[in-house]
Every structure is written in C-alpha cells, then in structure tokens.
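Undergrad: Got a sequence here, can you build the structure:
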Amino acid sequence: MLKVDRLRFGTAGIPLSTPKRSTIDGIKWVRELGLDAMELEFVRGVNMKPELAKKVKYVAKKNDVLLTAHAPYYINLNAKEKEKVEASKRRIIQSAERLYEAGGWSVVFHAGYYLKQPPESVYQRILNELKEIQKELMDRGVKVWVRPELTGKPTQFGDLKEIVKLSEELEMVLPTIDFAHAHARNKGECNSTEEWREMLSYMEDHLGREALDNMHIHMSGINYGPKGEKNHLPLRESDMNWEDLLKVLKEFKVKGVVISESPNIEEDALLMKKKYEEIEA
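TA: As a prediction, the model looks like this:
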C-alpha cells in the first residue's frame, strides 16, 4: 500500500471550477487550487478505461495529488438476490482495480442494507462477501485499501463498530469515516470534541496506529431528520462543528485524506485545509 505522509485535503470528483471537465484536467486543477487529493467518482459506473488510468497515474504523481475512488452507488452485499450480490462484488473489484492502475490509494463503498434482518447475520454475510473480494484482489495483485463507509441512515449497514470489526478481520480493509454521516445517523450527536476523541480512540484501540495513519475521511455539512441523512450542505450552512473536528484530527496526528463532499466541493476543501494549517500542533 502507498504510504501517506500527512493529512491531505481534496474534492469528491473533478472540482466544479475546472475549466475543462476531464479527470486529468481535474487533477491538474486540484493542484492549481492548492489542494493535494481527489476522489475519482465511479458512482454511476467504472467508466475509466485502463489506458486512461495509466495517464491519470502519471499526471497525479507529477502533481503530487493522492487519488481515492468512490465505487458505484448500486452496491448491496446483503441483497436477497445472489446476482445482485455478485454484481456488487464485481463493482467493488473493478473500482479497486482501476484505481490501482491509476496509482490510487483507497476505494470507498456503501456495503449494504439491513433489510430488517438481525445486524449480526447481516454483518456475517457482508464479512463473507468481503473475504471473497479481498482474495480476488490479492490474487490479481491489486494493492489498495478497501473501505466500507460509515453510513448516514440507521437502515444502512455501517456503524462505527461494524466497519471497525470488519477491518479487524480483513487485511485489506479499513473504515472510511464520514463524520457528517455519523452526525446524521445518530440524530445530531457525534458533533463534539469528546465524541470524536472517543471515535478515534476506539479505532486506535482496535486497529492500532495504522488506522489513524491511513484515514480516509469524508466531510461536509449535512441535513438530517429522524431517519438520518437527507442531503449534504456547505459546511457554513450546517450545524457541524467542523473547526473543532479539525483540531481533534491534528491532536491525534491523523494522516490520510479528507475529501470534501459538500455541494461546493473545492470551496469547503480549501476552507478545511486553510483552517487545519492554522491550528497550533
């Protein structure tokens, strides 16, 4: 796996202000803006050809931009139909493979839904499917982190304990911590220094320092209700105490990447990076 030297900040997809909207131009523009990471959005499908991935790798390396990827939204490793589960696994494998060809580091996905089943049995099923995904990626020599995301609704599999437990059991797996999702999933909690310290300490206790040295973080403001996440908001239009969160990340010496998923992606990525750099270590 690639080693990450610091906490980097970037955008979920090509920055909105990019003059020509292509992946390569997006990477160059990320660097132009003063950011140092970008998430490839495979959310509607893995539509990058291997030839383009090689060019992307060259441009990202030249510009010192760390690449992550978001696998397609159509993933449910707990689907009732076997063919849907198999298609979900293919999408994760394909996303990881293409990201690896592009010189990337970490692929994130929403693992599945409970579908009114006991969380323990859903966990076991998702673990088994991820074991198969991991085996296939290892057999193919694909070396990227595979990341189930902390999800924004209680109906979705993926609270902190579940994704940490998966990471304990699987060598290539680490969590993606979406702090806005944690806030929405817990109906407005997970928004204080104490709670974030608790989350990071829990990860370190169970997964060791490696987890905090390789964090894949999603951040945005968020609108939520009794059923969890509704939609993302710009940080300054939300109740997220994001400045305090950045202080906790610095306190814990977190390395990895913070990807802005706000509607104004680069604006909030720059806002966070600037604020983070101002915090006294």
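
Undergrad: so Asn76 is in which element?
TA: Using DSSP states H and E, Asn76 is not contained in any helix or strand.

Undergrad: For it, which non-adjacent residue is closest in space?
TA: Nearest non-adjacent residue to Asn76, counting by C-beta to C-beta, 6 or more residues apart in numbering: Gly112, 4.5 Å away. Using the backbone N, CA and C atoms, a C-beta is placed for each residue, glycine as well.

Undergrad: And for Arg44, the neighbour number?
TA: Counted with other C-beta atoms under 10 Å, the neighbours of Arg44 add up to 9.

Undergrad: thinking it is in contact with His70, fair?
TA: No. Contact criterion C-beta atoms under 8 Å: Arg44 and His70 do not qualify, at 10.3 Å.

Undergrad: can you list residues touching both of those two?
TA: Residues touching both Arg44 and His70 (C-beta atoms under 8 Å, 6 or more residues apart in numbering): there are none.

Undergrad: all strands of this structure, in order?
TA: 7-12, 37-41, 66-70, 106-109, 145-148, 176-178, 215-219, 221-225, 228-233, 256-260 (DSSP state E).

Undergrad: coming back round to it: I figured the residue nearest to Asn76 was touching Lys80, is that so?
TA: No. Contact criterion C-beta under 8 Å: Gly112 and Lys80 do not qualify, at 11.0 Å.

Undergrad: chain center to stretch 134-153: distance?
TA: A distance of 11 Å separates the centroid of the chain from that of stretch 134-153, by C-alpha atoms, centre = their mean, to the nearest Å.

Undergrad: buried stuff in it?
TA: If you call a residue buried by 16 or more other C-beta atoms under 10 Å, then stretch 134-153 has these buried ones: 134, 136-137, 142, 144-153.

Undergrad: what about Gly112, distance to Gly158?
TA: Counting by C-beta to C-beta, to the nearest Å, the gap from Gly112 to Gly158 is 8 Å.

Undergrad: Show me what the mean pLDDT comes to for stretch 105-116.
TA: For stretch 105-116, mean pLDDT rounds to 98.

Undergrad: Just give me the neighbour total for the residue nearest to Cys190 when sequence neighbours are not counted.
TA: Leaving out its chain neighbours, the residue that sits closest to Cys190 by C-beta to C-beta, 6+ apart is Ala182, at 4.0 Å. Neighbourhood size, Ala182 [other C-beta under 10 Å]: 21.
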